[in-house]
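Q: Below is the structure, and that's it, no one-letter string:
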């Protein structure tokens, strides 16, 4: 008996990325997944606790500094940054109106884009440190999430949706 396995989006951090554990996100038909920061500020100013980053979801966990400082997240990663899903054996991504944008192979996306093996996915931009940057901002916080893409269980030919 063959049990169907949904397409899986594998994301592995590149050297220029905010550090994160590799992700293997299953994408069954008719299910979309949000990529974004595990930390989500609510209107009350409190941090939401209903997000927990795992290797199989789209939340990116804060980095725990070795010097005991508070956990840090990338400044340019929005809580609800981008959306991924599969359709017709293809994995798609779209930006959800993030301030710093979503990029595939260095090009900012403005609609639905099909992902393919070895694409570089970037969530956000490098934020340059300057004289107005508070001293407590860690260098890692200035980095975007940059990942090498592997699409498991999908054909290798990319398609763009109309």
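A: Structure received. Treat the numbers as computed from the prediction; the structure is a model and nothing was measured.

Q: which ones are touching the closest residue to residue 125 other than its chain neighbours?
A: The shortest distance from residue 125 to any residue that is not its chain neighbour, by Cβ to Cβ, 6 or more residues apart in numbering, is 4.7 Å, and that residue is residue 100. For the C-beta atoms, the positions are set from N, CA and C on the backbone; glycine is no exception. Contacts for residue 100 (Cβ atoms under 8 Å, 6 or more residues apart in numbering) come out as 76, 77, 78, 123, 124, 125, 144.

Q: my read: residue 86 touches residue 29, true?
A: Yes - Residue 86 is within contact range of residue 29, at 6.5 Å (criterion: Cβ atoms under 8 Å).

Q: Quickly list what's touching both of the two.
A: Listed contacts common to residue 86 and residue 29 are residue 6; contacts here mean Cβ under 8 Å, 6+ apart.

Q: what residue is smack in the middle of this protein?
A: Within the chain, one residue has its C-alpha closest to the average C-alpha position: by Cα atoms, centre = their mean, that is residue 35, at 4.4 Å.

Q: can you tell me which helix or strand that residue belongs to?
A: Under the criterion of DSSP states H and E, residue 35 resides in strand 32-37.

Q: For that strand, buried residues please.
A: Residues of strand 32-37 classed as buried by neighbour count (16 or more other Cβ atoms under 10 Å): 33, 34, 35, 36, 37.

Q: can you check stretch 75-87 too?
A: Buried-residue list, stretch 75-87, by 16+ other Cβ under 10 Å: 75, 76, 77, 78, 79, 81, 82, 83, 84, 85, 86, 87.

Q: wait, residue 26 sits on residue 8?
A: Yes - because the distance of 5.3 Å satisfies Cβ under 8 Å, residue 26 is recorded as touching residue 8.

Q: Tell me the pLDDT of the closest residue to residue 150 other than its chain neighbours.
A: Among residues not flanking residue 150 along the chain, residue 10 sits closest, at 3.9 Å (Cβ to Cβ, 6+ apart). Predicted confidence (pLDDT) for residue 10: 98.

Q: next one: residue 145
A: At residue 145, the pLDDT value in this model is 97.

Q: And residue 4, by the same measure?
A: The pLDDT attached to residue 4 in the predicted structure is 74.
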